[in-house]
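**Student:** Turn this into a structure:
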Amino acid sequence: MIYWVLKKIFLGPVLKVLFRPWTKGLDNLPVDGPAVLASNHLSFSDSIFMPLMVPRPVVFLAKSDYFTGRGIKGRLTAAFFKLTNQLPMDRSGGAASANSLQTGVDVLTGGGLLGIYPEGTRSPDGRLYRGKVGVAKLVLTANVPVIPVAMIGTDKVQPIGRRIPNIRRLGIIFGEPMDFSRYQGMQDDRFVQRSVTDEIMYELMRLSGQEYVDSYASTVKEKIAAQKSGKPAGPKAPGSARAAGQDAKAADAVRADPASTVAPGTVTVIGTKPAAAVEPVGNGPAADKPAGNEPAAVEPAGVEPGPVEADGGVPPEA
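**Tutor:** Numbers count the residues shown, from 1 in each chain. Below you'll find the predicted structure:
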């Protein structure tokens, strides 16, 4: 009840007037029945604007730290996440993470929409990072479709570390449903999990136009924090063999070619000319969008099924 009051009466109308979010592909969302909304993660505000534009309620799995804070700030944060349909996700791995994933399966079994961030945490620099296989385990266990969601410009609205957002326009692209029913019964196969996850990340890269880096965002954040503090980042400290391998992966990031860029969401078929970009529909004409500032859709290079991480969890972060 409170969720709908905030969305329809108090918070929703104000946000729509201030930020004028545009949408594309809303018709790709199922009218009823379960589905996973797998999104890139650029900003804290992703978990606000995406469910705001979806007609149906969206339940998110958020890191459990948001629900256990102390003091006035911690209690207010916990209350906000509970009121906005978010559930705690234990990121410690093992049985705790498995139980959290089961919570997501329960939401889907009940016919709901479940929002999840395959990268596990916000991008530290606006690029798209390697997805964690927990999203695949969730999708294959529940046997539901995946709707890829590309958040556009939310990192400019509220960059990491900024409390008060910038008032500027943003966009949300909902891709066509992805069907993984061909892998039914193979949810415990690690190679299948990695293949499904990479396929989802490919589609997110295509829709968002982000540069893809075949490394985990959490690893990059640890290295950045270590550099700022001047302390080694544990076993992944700069100079270690593992860090060197991650640096090599980052160097191989997929980049857009400015000479052949097209608008986010444009479908590109190999062997044909790119189709004309479709103007966003929903809240506002395409003319209101900043011209020339949209990221370009790119084709991935070298996104092959690779080694599977140890925990296999999806530590989404709002």
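
**Student:** For the regular element (helix or strand) spanning Ala78, list every residue counted as buried.
**Tutor:** Remark: Ala78 resides in helix 71-83, with elements defined by DSSP states H and E. Taking 16 or more other Cβ atoms under 10 Å as the neighbour-count basis, helix 71-83 is seen to contain the buried residues 77-78, 81-82. Glycine gets a C-beta too; all of them are placed from N, C-alpha and C.

**Student:** following the helix ranked longest in the chain, which helix or strand shows up next?
**Tutor:** The helix of greatest length in the chain, counted in residues with DSSP state H as the criterion, is given as helix 190-208. Proceeding N to C from helix 190-208, the next assigned helix or strand is strand 212-213, under DSSP H and E.

**Student:** pLDDT (mean, whole number) over the next helix or strand after that following strand?
**Tutor:** Proceeding N to C from strand 212-213, the next assigned helix or strand is helix 217-229, under DSSP H and E. Average pLDDT, helix 217-229: 92.

**Student:** quick one: buried residues of helix 217-229?
**Tutor:** 217-223, 226.

**Student:** List the residue ranges of the chain that fall below the pLDDT cut-off.
**Tutor:** Counting by pLDDT under 70, the chain shows low-confidence ranges at 1, 90-97, 232-318.

**Student:** what sits up against the host helix or strand of Leu138?
**Tutor:** The secondary structure element spanning Leu138 is helix 134-142 (assigned by DSSP H and E). In this structure, residues lying in contact with helix 134-142 by Cβ atoms under 8 Å, 6 or more residues apart in numbering are 34, 36, 38, 97, 101, 104-105, 108-109, 114, 116, 118, 120, 146, 180, 183-184, 186-188, 192-197, 200, 312-315.

**Student:** next SSE after it?
**Tutor:** strand 146-152.

**Student:** what sits up against that following strand?
**Tutor:** Under the contact criterion Cβ under 8 Å, 6+ apart, strand 146-152 has outside partners 28-30, 35-43, 46, 49-50, 115, 135, 139, 170-175, 177-178, 180, 200, 203-204, 207-208, 264-265, 294-295.

**Student:** Quick one, which of the residues you listed are buried?
**Tutor:** With burial judged by 16+ other Cβ under 10 Å, the buried subset of these is 28-29, 35-43, 46, 49-50, 115, 135, 139, 170-175, 178, 180, 200, 203-204, 207-208, 264-265, 294-295.

**Student:** Buried members of the contacts of helix 134-142 into PyMOL, please.
**Tutor:** Selecting the buried subset of those in PyMOL, with 16+ other Cβ under 10 Å as the burial test, is done by:
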select buried, resi 34+36+38+97+101+104+105+108+114+116+118+120+146+180+183+187+192+193+194+195+196+197+200+312+313+314+315
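
**Student:** Next step: the contacts of helix 134-142 restricted to strands.
**Tutor:** 36, 38, 114, 116, 146 (DSSP state E).

**Student:** got those as TSV, with distance to Gly153 columns?
**Tutor:** Rendered in TSV, the data for the ones in strands among the contacts of helix 134-142 read as follows (distance: Cβ to Cβ, whole Å):
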residue	distance to Gly153
Val36	23
Ala38	19
Leu114	24
Ile116	21
Val146	23
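
**Student:** nearest to Lys8, of those residues?
**Tutor:** The closest of these to Lys8 turns out to be Leu114 (Cβ to Cβ; 21.3 Å).

**Student:** Contact partners for that closest one?
**Tutor:** Residues counted as contacts of Leu114 (Cβ under 8 Å, 6+ apart) are 34-37, 58-61, 104, 107-108, 138.

**Student:** and which of those residues is nearest to Pro88?
**Tutor:** Checking the contacts of Leu114 one by one against Pro88 (Cβ to Cβ), the nearest turns out to be Leu61, at 7.9 Å.

**Student:** Is that closest one in a helix, a strand, or coil?
**Tutor:** Here Leu61 is recorded as strand under DSSP: H, G, I helix; E, B strand; the rest coil.

**Student:** count of neighbours near the closest residue to it other than its chain neighbours?
**Tutor:** In space, and not counting its chain neighbours, Leu61 is closest to Met89: 4.1 Å by Cβ to Cβ, 6 or more residues apart in numbering. By the criterion of other Cβ atoms under 10 Å, Met89 has 29 neighbours.

**Student:** now the one 10 residues further on
**Tutor:** Neighbouring residues of Asn99 were enumerated by other Cβ under 10 Å; the total is 11.

**Student:** Could you do Ile2 as well?
**Tutor:** Applying other Cβ under 10 Å, we find 11 residues neighbouring Ile2.

**Student:** which ones are touching it?
**Tutor:** By Cβ under 8 Å, 6+ apart, Ile2 lies in contact with Leu83.

**Student:** how near is it to Thr141?
**Tutor:** Taking Cβ to Cβ, to the nearest Å as the criterion, Ile2 is separated from Thr141 by 30 Å.
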